[in-house]
Each structure stands twice: as C-alpha cells, then as structure tokens.
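Dropping a prediction and its sequence here:
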Amino acid sequence: MHVALFYSGKGGVGKSTLAANVAYVLSTRYQTLAMDWSGADRTLSALLAPGCPNEDGIYDVLFAPPEAGDKTKLTVCGGELPGLQIAPPGDTEAPVLKLDFYAAAQRVDLLMNALTRRYPFIVVDYPSRQIQFDPVLQALMRHVDHLILVTQPIQTSLNELKYTYDFVLRHYRPPPIISIATNMWTGEKTYEEGLKTPGGFHIKVKADPTVYALGRVPKLQYKCAECKDFRRAVEQIADGIIQAKLARRHQVAVFSPS
C-alpha cells in the first residue's frame, strides 16, 4: 500500500485537479482509492464520480467510529475505470475538526489501517487548511507515505509551501517522501527550486489556458485531447508516485508537537 497526499496551504492552486487526474491515471495500472477530504467543496468527487452520494463519507465515519470488532462503514463509489474507487467526504466535517489531536489520531488510525490493507494506492485530496492548526491533518499525515505539495509561482503560495515543508520535516519521524508540483508555471525562477525532495520529484506543470478553462467545470482534464503538456505532467506525477513506493515501506510515523 502507498498513501499519496496532495496538499497546499493556499487554495486555488490546482491541487484537486492534479489529484483527480493522477488518481485516474494510477487506476489504469493499479487498484486505486481516491479519498476526497475536501468537505463541502467535493471537487475530487465531482471530477471522478459525480453521482457519488455524500452519506457515510469520510467525516461521517470519523464522527461515529465503529465499535471494536465492527467493520468501518464507508461509502465507496466506483469510478469510470474498474480499478478506480472514490470515497466522498461526508456531511460532518465541522464537528470532526473540533476533535483534539489524540481523539482524531485514534479515529484516523482505524480508518486508514482498514483501507491500506485493501488498496495498493490511495490518493488523498486534502483541503487547503494550515497544518499547524488542523489536528485531523496532523493525524492523517502519520499514515502518509508520499506528500505532494502543490504550489504556484506566486509569493503567498510559495510561503505556504515553505512553511508546510519545514513543519513536516520538523514534526514527523520518519517523514514522508516529499515532492513538489509547481502548477501554472510560465518560466519564473522561484525559491522552491532550492528545497530538497529526497526520494521524491519536483515537476513544473506548464500554464495551459485550456486546462484552466476546463477546471471551472467538473471534467477530467486528462481526457482533453489538446492538453498534451498537462497530460504529460500528470503521467510524470503518477510515475513518480509509483517509483516512490519502491523506496518507502508504509508505517505509522510519530508526530511530535514540540
């Protein structure tokens, strides 16, 4: 099993678009679960399984965890491809976010331990919330093998990237593999190039007006015949995730709040 989490501390950088398209490509080769943690937004679910119901989604399971011995009841919808399944966020995001780290960690452990036994690859789309204030994200990160930080070459997005990068390396032992995807890149020289990504990759996704326009509606950009640069970047990210799995053995990391 291999858990790849797409994350950005700033919204609107194309994180969910990349996560959905990469999950689609991975599912052409391996059984893949796409987990949509984006709450009311539901971008990943809308792109991959528009008709997927929201009841008994991820946050609902975390809000009412199963009793000892009971199986986790999680809604999972089939995608367009036989190897793709999608877990919607659910309706109880707000109360779950009020849990402290220790309660959140226990419930996330139950959920992720059940899922990682079933799927070779899990692609997680997490909403843009600052990691230092989000106990659910802190708990989930303990199960993440591969953190893909999505940024854009603008100062606010780069600042969030640098903070998250430093936070994860400082607080998790062992840290996940870290990769960077710079989206909507038009040739700028920015300081994310100086960040080391041991075991990971650094990919620059070229700015593509067609992809940007398609991003306004729930439609997979990977199917766009004109979006050759975007398709190539998505395939590179999928290949990078597969290669990273060879260098990482899944284990629950230790989170240090200091």
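It's in.

Look up the closest residue to Val234, ignoring the ones flanking it.
Asn21 (4.6 Å; C-beta to C-beta, 6 or more residues apart in numbering). C-beta coordinates here come from the backbone N, C-alpha and C atoms, glycine included.

Whatever helix or strand the one you found lives in packs against which elements?
In this structure, Asn21 is located in helix 15-26 according to DSSP states H and E. Here helix 15-26 touches strand 2-7, strand 32-36, helix 43-48, strand 121-125, strand 146-151, strand 177-185, helix 228-246, going by 3 or more C-beta pairs under 8 Å, 6 or more residues apart in numbering; DSSP states H and E.

what's the angle between it and strand 177-185?
Going by axes from the mean of the first three to the mean of the last three C-alpha atoms, to 10 degrees, helix 15-26 is angled at 110 degrees with respect to strand 177-185.

CA atoms only: put helix 15-26 into CSV for me.
Coordinates of each C-alpha in helix 15-26 appear next as CSV, following Å, rounded to 0.1, in the frame of the first residue of the first chain:
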residue,chain,number,x,y,z
LYS,A,15,-4.4,20.7,-6.1
SER,A,16,-7.7,18.9,-6.5
THR,A,17,-7.4,19.0,-10.3
LEU,A,18,-4.0,17.3,-10.2
ALA,A,19,-5.1,14.8,-7.5
ALA,A,20,-8.1,13.7,-9.5
ASN,A,21,-6.3,13.3,-12.8
VAL,A,22,-3.3,11.5,-11.2
ALA,A,23,-5.7,9.1,-9.4
TYR,A,24,-7.4,8.4,-12.8
VAL,A,25,-4.0,7.6,-14.4
LEU,A,26,-2.9,5.4,-11.5
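
Tyr163: how many residues sit nearby?
Using other C-beta atoms under 10 Å, Tyr163 has 14 other residues around it.

which ones are touching it?
9, 130 (C-beta atoms under 8 Å, 6 or more residues apart in numbering).

so which helix or strand takes in it?
helix 155-171.

residues of that helix that come out buried?
Neighbour-count burial for helix 155-171, with 16 or more other C-beta atoms under 10 Å as criterion, is recorded at 157-158, 160-162, 164-165, 167-168, 171.

I'd like those residues as JSON lines, with pLDDT appended.
Listed next are those as JSON lines, based on pLDDT from 0 to 100:
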{"residue": "Ser157", "pLDDT": "94"}
{"residue": "Leu158", "pLDDT": "94"}
{"residue": "Glu160", "pLDDT": "93"}
{"residue": "Leu161", "pLDDT": "94"}
{"residue": "Lys162", "pLDDT": "95"}
{"residue": "Thr164", "pLDDT": "95"}
{"residue": "Tyr165", "pLDDT": "96"}
{"residue": "Phe167", "pLDDT": "95"}
{"residue": "Val168", "pLDDT": "95"}
{"residue": "His171", "pLDDT": "95"}
